[in-house]
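> below is the structure, and that's it, no one-letter string:
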């Protein structure tokens, strides 16, 4: 089983394994599937800097 410790410090996407990214993707796609008329399709991950720019 991949190392999926959740107590590690994560500061960038480089700190996540591919397995951890897949777990995050599956979580959000499944989470929204439970709501009527909602669909989420994750097409990739962006950096913290990109996320901060989109907030403003």
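Ah, there it is. As the structure is a prediction and not an experimental result, all values here were calculated from the model.

> next up, the contacts around residue 8.
residue 15 (Cβ atoms under 8 Å, 6 or more residues apart in numbering). Yep, even glycine has a C-beta here, placed from its N, CA and C like the rest.

> let me redo that: residue 9
Per Cβ under 8 Å, 6+ apart, neighbours of residue 9: residue 15.

> residues in contact with stretch 46-56?
Stretch 46-56 has contacts (Cβ under 8 Å, 6+ apart) with 11-13.

> who wins for neighbours among the residues you listed?
Within these, most neighbours by other Cβ atoms under 10 Å means residue 13, with 12 neighbours.

> from residue 55, how far out is it?
Here the criterion is Cβ to Cβ, to the nearest Å. By it, residue 13 lies 17 Å from residue 55.

> count of neighbours near residue 16?
15.

> again with the one 4 residues further on
Using other Cβ under 10 Å, residue 20 has 18 neighbouring residues.

> off-centre distance for the strand or helix carrying it?
Per DSSP states H and E, residue 20 falls inside helix 18-33. Here the centre of helix 18-33 is set off from its chain's centre by 6 Å, with Cα atoms, centre = their mean, to the nearest Å.

> what comes up buried for that helix?
20, 25 (16 or more other Cβ atoms under 10 Å).

> could you identify the helix or strand that succeeds that helix?
Following helix 18-33 in sequence, per DSSP H and E, is helix 48-55.

> could you measure the residue nearest the centre of the chain against residue 30, distance?
Nearest to the mean C-alpha position of the chain, by Cα atoms, centre = their mean, lies residue 24 at 4.0 Å. The gap separating residue 24 from residue 30 is 11 Å, by Cβ to Cβ.

> nearest to residue 39 among the contacts of stretch 46-56?
Set against residue 39, the nearest of the contacts of stretch 46-56 by Cβ to Cβ is residue 13 (23.9 Å).
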